[in-house]
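A.B. asks: Curious how this folds, go ahead:
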Amino acid sequence: GLVPVVCIGESEKHRVEGKTLSVVGEQMAAVLDWADLGAPLIFAYEPVWAIGTGKVPTLDEINEVHQFLREQLVQKMGDGGRSIPLLY
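C.D. replies: Sure, this is the predicted structure:
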């Protein structure tokens with residue numbers, strides 16, 4: 001009955017270099033390559049640079065990543081990718 005919560009996020013270096021979407025995309029793809037796509041799964045986005053630093057991503061930054069992740073899920077899973085919860 002357990003549901004995996006997969007945490008993904010980029011470092012500050014990756015954010016500054018404009019690599020956020022490629023980094024989180026690679027992280028998500030690595031999980032989707034081995035996951036049972038019919039089983040429950042949750043993705044949680046948390047930038048590594050925000051953990052314990054007092055820095056917080058803007059709503060626009062969070063929305064950009066969530067939109068990208070949703071697109072990746074739909075591309076990989078079809079309409080089933082729309083039902084995978086995305087958390088921040």
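A.B. asks: what residues does the lengthiest helix in the chain touch?
C.D. replies: Longest helix in the chain by number of residues, with DSSP state H as the criterion: helix 59-77. Outside helix 59-77, the residues within contact range by Cβ atoms under 8 Å, 6 or more residues apart in numbering are 20-21, 24-25, 28-29, 32, 37, 43, 45, 47, 81-82, 84, 86, 88. C-beta here means a position set from N, CA and C on the backbone, and glycine is covered the same way.
A.B. asks: Take these and keep only those in helices.
C.D. replies: Members of these lying in helices (criterion: DSSP H): 20-21, 24-25, 28-29, 32.
A.B. asks: are any of those buried, and which?
C.D. replies: The neighbour count (16 or more other Cβ atoms under 10 Å) marks 20-21, 24-25, 28, 32 as buried among these.
A.B. asks: centre of the chain versus stretch 19-33, how much separation?
C.D. replies: Taking Cα atoms, centre = their mean, to the nearest Å, one finds stretch 19-33 lying 7 Å from the centre of the chain it belongs to.
A.B. asks: could you give the mean pLDDT of that stretch?
C.D. replies: Taken as a whole, stretch 19-33 has a mean pLDDT of 96.
A.B. asks: which residues are in contact with that stretch?
C.D. replies: With Cβ under 8 Å, 6+ apart, stretch 19-33 has contacts from 6, 8-11, 14, 41, 43, 45, 47, 61, 64-65, 68-69, 72-73, 76-77.
A.B. asks: Just the CA trace of it, in PDB.
C.D. replies: C-alpha atoms of stretch 19-33 as PDB (Å, rounded to 0.1, in the frame of the first residue of the first chain):
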ATOM      1  CA  LYS A  19      20.100  23.700 -16.800                       C
ATOM      2  CA  THR A  20      17.100  23.200 -14.400                       C
ATOM      3  CA  LEU A  21      14.800  21.600 -16.900                       C
ATOM      4  CA  SER A  22      17.400  19.300 -18.300                       C
ATOM      5  CA  VAL A  23      18.500  18.200 -14.800                       C
ATOM      6  CA  VAL A  24      15.000  17.500 -13.500                       C
ATOM      7  CA  GLY A  25      14.000  15.900 -16.800                       C
ATOM      8  CA  GLU A  26      17.000  13.400 -16.500                       C
ATOM      9  CA  GLN A  27      16.000  12.700 -12.900                       C
ATOM     10  CA  MET A  28      12.400  12.000 -13.800                       C
ATOM     11  CA  ALA A  29      13.400   9.900 -16.900                       C
ATOM     12  CA  ALA A  30      15.700   7.700 -14.800                       C
ATOM     13  CA  VAL A  31      12.800   6.800 -12.500                       C
ATOM     14  CA  LEU A  32      10.300   6.300 -15.300                       C
ATOM     15  CA  ASP A  33      12.700   4.000 -17.100                       C
END
